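Student: quick check, what structure comes out for this input:
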Amino acid sequence: MVIRQSRPFAYGRFVPVPPTPSGYVSLEPPLPPSVAIEILREFSTSELIGKVYTKGPAGGWVPVDPGALKDQDWYDYKEKGWHVRFDMEPTGRWDVLNFRIESDERGPYLAAALRYASPQ
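Tutor: Got it, this is the predicted structure:
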């Protein structure tokens, strides 16, 4: 018998942050959540790995298709070496340490490693 465990989700948005000589400065205004993170593993209260979801055409949350990452601007910026943060509601800013492809019984998905940075 397989028992499904419901995992918690965190909601927010990925924000590419352009590097500047004095550090990182974001010019992004606050917007509604466009990304959900299903928390898969927590290493401490300030570090986690989660499965990345975005809003689908019908408005529901769907896992990010690893084959369609070119459609995600935040992923493109991270690949170019920009800092990307996850503005999580309501806890604040989390640094994206990396993205990687993982898999489960449903197939491959995009995972993000996050570390807490600061309150909003």
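
Student: checking my notes, residue 78 in a helix, right?
Tutor: Yes - applying DSSP: H, G, I helix; E, B strand; the rest coil, one finds residue 78 inside a helix.

Student: count of residues packed around the closest residue to it other than its chain neighbours?
Tutor: Spatial nearest neighbour of residue 78, chain neighbours left out: residue 84 (4.6 Å); criterion: CB to CB, 6 or more residues apart in numbering. Where you see a C-beta, it was placed from the backbone N, CA and C, and this is true even at glycine. Neighbourhood size, residue 84 [other CB atoms under 10 Å]: 22.

Student: try residue 36
Tutor: Neighbours of residue 36 (other CB under 10 Å): 18.

Student: for the residue lying closest to it once chain neighbours are set aside, give me its contacts.
Tutor: Take residue 36 and drop its neighbours on the chain: the residue closest to it by CB to CB, 6+ apart is residue 53, 4.1 Å away. Contact analysis of residue 53 by CB atoms under 8 Å, 6 or more residues apart in numbering lists 9, 35, 36, 37, 38, 61, 62, 63, 64.

Student: of those, which is the most crowded?
Tutor: If you rank the contacts of residue 53 by neighbour count (other CB under 10 Å), residue 37 sits at the top with 24 neighbours.

Student: follow-up on the earlier one: residue 91: which of the contacts of residue 53 is nearest?
Tutor: Here the nearest of the contacts of residue 53 to residue 91, counting by CB to CB, is residue 37; it sits at 11.6 Å.

Student: pretty sure that closest one contacts residue 86?
Tutor: Yes - counting by CB atoms under 8 Å, residue 37 does reach residue 86; the two are 7.1 Å apart.

Student: mind listing the shared neighbours of those two?
Tutor: Common neighbours of residue 37 and residue 86 (CB under 8 Å, 6+ apart) are 12, 112, 114.

Student: how about those residues in CSV, adding distance to residue 90, pLDDT and neighbour count?
Tutor: Below are the shared contacts of residue 37 and residue 86 laid out as CSV (distance: CB to CB, whole Å; pLDDT from 0 to 100; neighbours: other CB atoms under 10 Å):
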residue, distance to residue 90, pLDDT, neighbour count
12, 9, 93, 22
112, 19, 97, 25
114, 15, 97, 22
